[in-house]
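Chemist: Got a predicted model here, sequence first, then my questions.
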Amino acid sequence: MGALGIARIFLHSLLWACAVVLLGLTAYRIHYTQSLDNGDILTSSSHFYDAVIVEMLVASCLAICGSMVCIGLIAGTRKGSRSSMLAEGWTWILWVMFLVGAAIITHKWLHLKWCRGSYKVCRILETIKAFSWICFGLTSFLVLLGLIDFLFNKGKETYRSKAAPAAYPETRTAQPVAATTAPHTTETTYTEVRAANEPPHTTV
C-alpha cells in the first residue's frame, strides 16, 4: 500500500468520526422538533421534522457504514480492481449528498449568531451546519485522492505496456536430415558356390 492508500484510509477514519457526531446531532434535532409543542425561537410549528435534517441523518449513516467498508477495500484489494472502483463510486455518492445537505442547511439557517449564545436549538443547528461542511470537505479530498490514484495507476500500466518488448511469432529453422545409406550386402548364389567347389578340368 502506497502513501495515497494510507492517506485515503486516514481520511475515511476522520469521515467516520465526523459522521458519528453528525448522526447524533441530526437525531437530536429530529427528536426535538417531533416533540415540540408550541414552537421555539426559530419557528411556530409543532411536531414536525426538517427534510434536510433527515437527509443528513441518512448521509451520516451511509458514511459510517461506507467508510468502514471502503477502508477494508482500500487496504485489502489491489489497485484498479472492481472492489477499489466500488469504493470510489461510494465516495462520489456521499460527496453529492453532503454537498446538497450542507448547502440547504446553510441557506435555511444562514444567520444564527444572534441566538446561539442563549438558545441551545441555535447552537445545535450551527454545529450541524459546521459538521455538514466538514464531512463535505473530507469527501472532496477523498474524491480528489481517488482520482489521482486512478490516473497514477493508469499511467503506470500504460508505461509498462509500452516498455514491454513486442512478442513475435516463433520461427524455426529447418534442420537438414542426414540421408541413411543402406549397408551393401553381397549375395552369393548357389551356382557361384558350386563353381567354386568343383575341381578344375584337365584337357587330355
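Modeler: Structure received.
Chemist: and residue 15, helix, strand or coil?
Modeler: With DSSP: H, G, I helix; E, B strand; the rest coil as the basis, the three-state label of residue 15 is helix.
Chemist: Tell me, how many residues neighbour the closest residue to residue 20 other than its chain neighbours?
Modeler: The shortest distance from residue 20 to any residue that is not its chain neighbour, by C-beta to C-beta, 6 or more residues apart in numbering, is 6.2 Å, and that residue is residue 64. For every residue, glycine as well, the C-beta is placed using N, CA and C. Residue 64 is flanked by 17 other residues according to other C-beta atoms under 10 Å.
Chemist: Against which helices or strands is the helix or strand residue 64 falls within packed?
Modeler: Assigned by DSSP states H and E, residue 64 falls within helix 51-76. Using 3 or more C-beta pairs under 8 Å, 6 or more residues apart in numbering; DSSP states H and E, the elements in contact with helix 51-76 are helix 3-34, helix 82-108, helix 120-163.
Chemist: Comparing those, which yields the minimum mean pLDDT?
Modeler: Of all those, the minimum mean pLDDT falls on helix 120-163 (a mean of 84).
Chemist: Give me the three-state assignment for residue 45.
Modeler: Assigned with three-state DSSP, residue 45 falls in the coil class.
Chemist: residue contacts, it?
Modeler: The neighbours of residue 45, taking C-beta atoms under 8 Å, 6 or more residues apart in numbering as the test, are 33, 36, 39.
Chemist: Is the first one in contact with residue 49, as I believe?
Modeler: Yes - applying C-beta atoms under 8 Å, one finds residue 33 in contact with residue 49, separated by 5.3 Å.
Chemist: could you dump the contacts of residue 45 to CSV with distance to residue 121?
Modeler: Output for those, formatted as CSV (distance: C-beta to C-beta, whole Å):
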residue, distance to residue 121
33, 9
36, 9
39, 11
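Chemist: Need the residues you listed in a markdown table (columns: neighbour count and distance to residue 130).
Modeler: Putting the contacts of residue 45 into a markdown table (neighbours: other C-beta atoms under 10 Å; distance: C-beta to C-beta, whole Å) gives the following:
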| residue | neighbour count | distance to residue 130 |
| --- | --- | --- |
| 33 | 18 | 19 |
| 36 | 17 | 23 |
| 39 | 11 | 25 |
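Chemist: related to what we said a few turns ago, tabulate the helices and strands packed on helix 51-76 (TSV), appending distance to residue 73.
Modeler: Formatted as TSV, the entries for these read as follows, by distance: least, C-beta to C-beta, whole Å:
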stretch	distance to residue 73
helix 3-34	10
helix 82-108	4
helix 120-163	11
